[in-house]
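Asks: Give me coordinates for this.
(2 chains)
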Amino acid sequence: MGKNIIKTRRFFCRVLFIIAALACLGWADSWQELKSTAGTVTSVTAGFSQEKHMKILARPLVSQGKFLFKSPNSLRWEYTRPLKSILVLHNGKTRRFVQKDGRLVEDASAGLQSMQVVVQQITQWLNGRFDENPAFEASLAIGQKIVLSPRDAAIARLIQRIEILLSNRPGVIASVTIFESEDSFTKLIFQNVVLNTPLDDALFQQVFTLDDEQ
Amino acid sequence: MKQTFLLIIMWGLLLACAGLPKMYPAGPADLPDTIKACEGVYPAGDWQLLHTIEAALPGSRKGFLMGLTVLSSRDRSARCVIMTLEGFVLFDARYDGRIKIERAVAPFDSDDFARGLMEDIHLIFFRPPAAQTAAGSLNDGTAVCRYHRPDGRIVDLVNPEENRWELRLYRSDHRLMKSVNIMSKDRLPADASTGIADKIELTAHGSPGYKLVMDLVEARPIGVEGSRDQGVQ
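Replies: A predicted model of the protein is given here:
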């Protein structure tokens, strides 16, 4: 059972990293242009709003957070509300912390041991080579949209498709929507995206909420 | 360290072996009020509840998930969705007299898991289907409602202190099976309670036992505007 939890976690973590890496991709009309734009991105700082839509929900569940990425392989994915949690990746090590009773507690079920695979994938995507990801088939759709469809039937049972809407601003995406089914999907909307600002490594190593820092 | 561990095990075994305590029945004048107070612990009407779920893992580690529960006290139906913190659905099932699994990802993909989860949801959120209900006090004077379920099991609902209730499920042989701590932040008198707890701790005794801690993130009455975001800090 423990192995299964880790396997499931690994899968969802990979999806998270796909989103993270895609946030670094730029607007373009071809894979080649995407690769060129992505190559210029060294860091991303953004806020995000996450909407969970399900048929049973009268209104979507809304979460908000902050997202930091530093090339080549440092990531911080922080939810600020309603539940504070922080996922950090640095030097191949991933950890997640959840705020409980006013303090941050490490989430042991997020045993993310597939870092080699993840880092390799991030490197691919940062170079704009996300169409080479073996797990998903990528297609460029009309309206600055990228659609990722799972190749594997086992993954398709979990995720029907991922849609990425590119912003008009090169290097920035507007939103990512992950469809688990037609009536159950998660939409991430990125705001206030800033590219290529210097980010301290401590942001990816130390465990504190960005609210605390401010 | 080893001694502490042994003490914890012994305490757990003692709890598991704890039998049904003697109840001193309430007088006819007190009985309706005591039962009314007990029933205020359960959510009335239709609710959408979002909790964080903290599960104890081997090696004193903790794992975290989100739990979405949509329930109706009227027809005792429930829909339960378990998600990762990022919102990916791992388990989705409904109960309206029978369990229907909509989606289940390993390790949540067994019928036993679905059945156990629905049993826990019913234990926590729905008044026990009682063939017989009694009320009174325990040896230490604590108020108690005692529900004799049709399946032979017994549920004691105890109010040891303000804002905290303890629900104890006993097997038909009177051995303690599960206990649930139900805590509210609001200092509401029982008869004004919404029945929505801020923190719920469920412990399944015996082997294999488990412990779940659920903190309320959001409670939304269905069909009514407004919601309640809170939690015991």
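Asks: isn't B:Ile82 right next to B:Met66, touching?
Replies: Yes: contact between B:Ile82 and B:Met66 holds when scored by C-beta atoms under 8 Å: they sit 7.3 Å apart. (Glycine included, C-beta is placed from N, CA and C.)
Asks: Identify the contacts common to these two.
Replies: Common neighbours of B:Ile82 and B:Met66 (criterion: C-beta atoms under 8 Å, 6 or more residues apart in numbering or on different chains): B:Ile53.
Asks: Could you pick out the residues of chain B near chain A for me?
Replies: B:48, B:50, B:52, B:54-55, B:57-59, B:61-66, B:68, B:70, B:79, B:81, B:83-90, B:103, B:105-107, B:215, B:217-218, B:220, B:222, B:229, B:233 (C-beta under 8 Å from any C-beta of the partner chain).
Asks: Could you identify the buried members of those residues?
Replies: Neighbour counting over the residues of chain B next to chain A (16 or more other C-beta atoms under 10 Å in any protein chain shown) leaves B:48, B:50, B:52, B:54-55, B:57, B:62-66, B:68, B:70, B:79, B:81, B:83-90, B:103, B:105, B:107, B:215, B:217-218, B:220 as the buried ones.
Asks: What pLDDT does the model give residue 54?
Replies: This is for chain A. The pLDDT attached to A:Met54 in the predicted structure is 92.
Asks: think we crossed wires, I meant chain B
Replies: For B:Glu54, the pLDDT comes out at 89.
Asks: Excluding chain neighbours, what is closest to it?
Replies: Using C-beta to C-beta, 6 or more residues apart in numbering or on different chains and skipping the chain neighbours, the partner closest in space to B:Glu54 is B:Val213 (4.1 Å).
Asks: next one: B:Glu39
Replies: Counting by C-beta to C-beta, 6+ apart, B:Glu39 lies nearest to B:Arg127, which is 5.9 Å off, once chain neighbours are set aside.
Asks: wait, the one you found sits on B:Gly40?
Replies: No: counting by C-beta under 8 Å, no contact exists between B:Arg127 and B:Gly40, whose distance comes to 10.2 Å.
Asks: The residue lying closest to B:Asn163 once chain neighbours are set aside: how many residues sit nearby?
Replies: The shortest distance from B:Asn163 to any residue other than its chain neighbours is 4.8 Å, reached at B:Ser184 (C-beta to C-beta, 6+ apart). Other residues within reach of B:Ser184, judged by other C-beta atoms under 10 Å in any protein chain shown, total 22.
Asks: Quick check, B:Ser184 in contact with B:Asp198.
Replies: Yes: in this structure B:Ser184 lies within contact range of B:Asp198 using C-beta under 8 Å: 5.4 Å.
Asks: ok, which stretches of chain A are helices?
Replies: Counting by DSSP state H, the segments of chain A that form helices are A:2-22, A:31-38, A:115-126, A:153-156, A:210-213.
Asks: What residues does the residue most central in space within chain B make contact with?
Replies: Ranked by distance to the mean C-alpha position of chain B (C-alpha atoms, centre = their mean), the top residue is B:Ile124 at 2.6 Å. Contacts here follow C-beta under 8 Å, 6+ apart; on that basis B:Ile124 touches B:167, B:180, B:182, B:200, B:202.
Asks: swap the cut-off to 7 Å and go again
Replies: B:Ile124 makes contact with B:180, B:200, B:202 under the criterion C-beta atoms under 7 Å, 6 or more residues apart in numbering or on different chains.
Asks: out of these, which one sits closest to B:Arg149?
Replies: B:Val180 (15.0 Å; C-beta to C-beta).
Asks: one step back: for the residue nearest to the centre of chain B, give me the pLDDT.
Replies: Each residue has a pLDDT score; the one for B:Ile124 is 95.
Asks: With the one 5 residues further on instead?
Replies: The predicted local confidence for B:Pro129 comes out at a pLDDT of 88.
Asks: Just give the number of residues close to it.
Replies: Neighbours of B:Pro129 under the rule other C-beta under 10 Å: 12.
Asks: Which helix or strand contains it?
Replies: For B:Pro129, there is no enclosing helix or strand under DSSP states H and E.
Asks: How are the strands of chain A distributed by residue range?
Replies: Under the criterion DSSP state E, strands of chain A are mapped to A:43-54, A:61-70, A:74-81, A:85-90, A:93-100, A:103-106, A:136-141, A:145-150, A:161-166, A:173-181, A:184-195.
Asks: Quick check: which of those is nearest to B:Gly141?
Replies: If you check each of the strands of chain A against B:Gly141 by C-beta to C-beta, strand A:93-100 wins as the nearest, at 33.5 Å.
Asks: Lowest average pLDDT across the helices of chain A?
Replies: Set side by side, the helices of chain A show their lowest mean pLDDT on helix A:115-126, which sits at a mean of 44.
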